[in-house]
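Asker: Got a sequence here, can you model it:
(one chain, ligands or ions: 1)
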Amino acid sequence: MDSHLAALEANDPDVFAALKGEEARQKAGIELIPSENYTYPEVLAALGSVFTNKYSEGYPGRRYYGGQTYTDTIENLARDRAKEVFRCEHANVQPLSGSAMNQAVYLGLLEPGDTILAMDLSHGGHLTHGAPVSHMGKLFNFVRYVTGPVDGSIDFDALRASALEHKPKMILCGYTSYPRDIDYAAFKAVADEVGAITMTDASHFGGLVAGNAMANPFDHGFDVVTTTTHKSLRGPRGGMVLSRKPFAGKIDKSVFPGLQGGPHMNAVAAIAITLGKAQTESFRQYARDVLTNAKALANALLGAQASLVTGGTDNHILVLDTVKSFGLDGRKAEETLDAVSITTNKQIIPDDPNPPLRPSGIRVGTPAATARGMTADDMERLAVWMVRALQAPDDASRLAEIDAEVRAFCEQFPVPGID
Ligand code: DSN
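Answerer: This next block holds a predicted model:
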């Protein structure tokens, strides 16, 4: 055990016990929440390092505190690697997480009251994409587009008509529960017609873009891409705003001093490490494997007559309509899978008639399972366990039997950062 953990064990056994419990939980089951992942040991080391002691308001070379020799080094490394990995002209690596990074973009590039065209929350958008309960939804005039009723993909005719009617200053794509690829060229064409800034929130699939497994919005002329760093990218909790050069100054000012004070330099160091990893062939293979596994899981579930929103997936996410598939609401489905050590999250589906805490589906994703080394064959076994459990949610002995199988199976797969 390293000295930091030994000190924790000796001096705060309650927190130490909870930490050990969480490690055991993360090893014992299959993690399918698509926004979660297992980070690298190097990232854990940086997060727990002395960089957490340092205030670094400002940017490399222009700080408001002394003692910045090493913080400048790591922030420059993170920015340069981000630009290389995402093929963009500017990177701000200071946002504390996803919500702050999106807020910094809106507040830096737009005026309160301006119109933003973004996806409705229940169709796959995020809270910060203008959900009425969010502060951003109150500050800006969000107009929402939705997915079409036929195949559940984005209806560009309706989106274009809405853009022509509302003349948004910004058009936003990139989602948290939309399992399909994004036609960036089509978005860009609509945005150019109305003179809108183009923004992608790539939080979920940023790692898949970084690993060249999915399309890069900058290759289609997008202006701004935001991404969290802890999902498919496998880094620390944090956010980045990537952009074309003309937006750089406004975005930097918006992040600091506009929205935040001191960046979390331990997270910035960890982001630099993460982006170094993202430059390797082994990360690119990981990104491809995430997609292969998602397809394999989708096909296996479809083969068992389960109903997936949009009928499948192009990315790392599957949205399973549990009401249609098993007659279970998403909460019951989530609880049933929890009982067999398979972790998912309840999920609203497009035009869901049910409330958010008891919605009609669950959301499932493959980044974490793939980080443990699980393969397409493993996804087929996983689908069998999921279907067997969801078909008999009240059969305690069946659930116990599946749970034992899942736990035994997981023992074969070391957990990065733990084992
Ligand atoms: N909480 C994230 C997710 O699960 O998709 C989005 O913020």
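
Asker: Touching, residue 113 and residue 141? I think so.
Answerer: Yes. In this structure, residue 113 is within contact of residue 141 by Cβ atoms under 8 Å, at 6.0 Å. In this view, the C-beta of every residue, glycine as well, is placed from N, C-alpha and C.

Asker: the more surrounded of those two?
Answerer: residue 141 (16 against 9; other Cβ atoms under 10 Å).

Asker: pLDDT at the more buried one, what is it?
Answerer: pLDDT recorded at residue 141 is 97.

Asker: Ramachandran coordinates for it?
Answerer: When read as degrees, to the nearest 10, the backbone of residue 141 gives phi -90, psi 90.

Asker: Could you report the pLDDT at the residue nearest to it when sequence neighbours are not counted?
Answerer: Once flanking residues are discounted, residue 141 sits nearest to residue 115: 4.5 Å by Cβ to Cβ, 6 or more residues apart in numbering. At residue 115, the model reports a pLDDT of 98.

Asker: who are the neighbours in contact with residue 115?
Answerer: Under the criterion of Cβ atoms under 8 Å, 6 or more residues apart in numbering, the neighbours of residue 115 are 140, 141, 142, 143, 166, 167, 168, 169, 170.

Asker: Give me the distance between it and residue 107.
Answerer: Applying Cβ to Cβ, to the nearest Å, the value for residue 115 to residue 107 is 15 Å.

Asker: How about residue 209?
Answerer: Distance from residue 209 to residue 107, counting by Cβ to Cβ: 24 Å.

Asker: These two - which one has more neighbours?
Answerer: Between residue 209 and residue 107, residue 209 has the larger neighbour count (other Cβ under 10 Å), namely 27 against 20.

Asker: pretty sure the more buried one contacts residue 215?
Answerer: Yes. The criterion here is Cβ under 8 Å, and residue 209 meets it with residue 215 at 7.3 Å.

Asker: partner residues bridging whichever residue of the stretch 251-400 of the chain sits closest to the ligand?
Answerer: Nearest to the ligand in the stretch 251-400 of the chain, going by Cβ to the nearest ligand atom, is residue 345, at a distance of 6.8 Å. With DSSP bridges as the criterion, residue 345 is bridged to residue 363.

Asker: what residues does the stretch 151-300 of the chain put near the ligand?
Answerer: Contact residues, the stretch 151-300 of the chain versus the ligand (Cβ under 6 Å from any ligand atom): residue 176.

Asker: need the strands for the protein, in chain order.
Answerer: Remark: strands assigned in the chain by DSSP state E are 30-31, 58-59, 62-63, 90-92, 115-119, 141-145, 170-173, 197-201, 224-228, 239-243, 317-321, 342-343, 345-347, 361-365.

Asker: Only alpha carbons, please: show the last one as CSV.
Answerer: Going back to what we said before, that points to strand 361-365. Once non-C-alpha atoms are left out, strand 361-365 reads as follows in CSV (Å, rounded to 0.1, in the frame of the first residue of the first chain):
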residue,chain,number,x,y,z
GLY,A,361,-36.0,2.5,-20.1
ILE,A,362,-32.4,2.0,-19.0
ARG,A,363,-29.2,3.3,-20.5
VAL,A,364,-26.3,1.0,-21.1
GLY,A,365,-22.8,1.5,-22.4
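
Asker: quick one, that strand and strand 317-321 angle?
Answerer: If you take axes from the mean of the first three to the mean of the last three Cα atoms, to 10 degrees, strand 361-365 sits at 160 degrees to strand 317-321.

Asker: List of residues touching strand 361-365?
Answerer: Residues outside strand 361-365 that contact it (Cβ under 8 Å, 6+ apart): 32-35, 177, 294, 297, 309, 316-323, 330, 333-334, 337, 344-349, 352.

Asker: quick one: average pLDDT of it?
Answerer: What strand 361-365 shows for mean pLDDT is 98.
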